[in-house]
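S.K.: here is my input, please return the structure:
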Amino acid sequence: MEKNVIITAKAHSYISETLKEKGYSILDFPEINYEQLKDIIHRAKGLIVTTRLKIDRQMIDNASQLKWIGRLGSGMELIDVDYANSKGIICVSSPEGNRNAVAEHALGLLLNLTNKICISAQQIKEGKWIREANRGIELEGKTIGIIGYGNTGSAFAKVLSGFDLKIMAYDKYKSGFGDEKVIESSFHELVEESDVISFHVPLTDETLHMANDSFFNALKKSPIFLSTCRGKVTDVKALIRAIKIGKISGAGLDVLENEKLQNYTSEEQADLNDLLARGNVIITPHIAGYSKEAFYKMGNVLLKKLAAYI
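M.R.: Next comes the predicted model:
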């Protein structure tokens, strides 16, 4: 019987080369849509996915030969893992592969905001030489709050460790991770004490709109807000309200609630325009975990985890 692996996104050649050595045939469809995948998934022993396609019960029911699903990166919210497992399908992800890339990107957003790099660079392009209004602030002595201390949260703490600052971290499902560099804290303590708050949580029913009006209104120090996790963790309208009333001093976002800009409603476009018009907001197109190094490392990690099954 033919052993096929369907790859549904752009992936490093290391993956297909390694799988071919294991006797698999590669069906490489980086632009495949949901309906197209549903029509051919019965041919697959293995499936490689990212965040683009939902692997739900209907899809899994069509996958009569499927043995494993490999998720490039972190977050399994688009895969019905429990149902897949009930059908004997192994599901693994590779957050270790891009955690450093996400951490460095979060640091880049933070340094851009504290030093007003993007806005002042744009002003130069417009022929403006403005110094006083672009006076920056240093990270030294500040308190950084990390919400979610998994792969990317802990990696962000690591890249911050070279700065002379205080790092606090909160994770509802982990404890005992504090050390000489990171203070394990409660959510309440972190919200009250942080000069910067960075979100590193998966998208679940529990974290949907976790950064909402209640969260922003509880902030005490008008911190910089960072999110490199999932767009729907942040309520965009609540974020805009928080900026307008000064509950946060700026925002660095690598993710949005709706990342398909071409499908925006007029209301969504108005909200995005509001954010883009602000000099204290930076938005990047979900590229934090998209480094060249992570492109390879995610595949490498994935295949190591799947070694027993492939």
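S.K.: name the SS class of the spatially most central residue of the chain, please.
M.R.: For the chain, the residue nearest the mean C-alpha position is Cys229 (2.9 Å; CA atoms, centre = their mean). Here Cys229 takes the coil state, with states given by DSSP: H, G, I helix; E, B strand; the rest coil.
S.K.: surely Lys20 is within a helix?
M.R.: Yes - according to three-state DSSP, Lys20 belongs to a helix.
S.K.: out of everything not next to it in sequence, what's closest to Gly289?
M.R.: Once flanking residues are discounted, Gly289 sits nearest to Asn98: 3.4 Å by CB to CB, 6 or more residues apart in numbering. Using the backbone N, CA and C atoms, a C-beta is placed for each residue, glycine as well.
S.K.: my bad, Ser222
M.R.: The nearest residue in space to Ser222 (CB to CB, 6+ apart) is Ser249, at 4.7 Å.
S.K.: surely Asn217 touches Lys247?
M.R.: Yes - shown here, Asn217 and Lys247 form a contact pair, counting by CB atoms under 8 Å, at 6.4 Å.
S.K.: more neighbours, the two?
M.R.: Using other CB atoms under 10 Å as the criterion, Asn217 and Lys247 rank with Lys247 on top: 21 against 12.
S.K.: my read is that the more buried one contacts Lys221, right?
M.R.: No - assessed by CB under 8 Å, Lys247 is found out of contact with Lys221, at 9.8 Å.
S.K.: picking up where we left off before, spit out the contact partners of the residue nearest to Gly289.
M.R.: Contact analysis of Asn98 by CB atoms under 8 Å, 6 or more residues apart in numbering lists Gly73, Ser74, Ala288, Gly289, Tyr290, Ser291, Ala294, Lys297, Met298.
S.K.: if we use 10 Å, what do you get?
M.R.: 72-74, 105, 151-152, 155, 288-291, 293-295, 297-298, 301 (CB atoms under 10 Å, 6 or more residues apart in numbering).
S.K.: where does pLDDT dip in the protein?
M.R.: Regions of the chain meeting the criterion pLDDT under 70 cover residues 1.
S.K.: perfect, that will be all.
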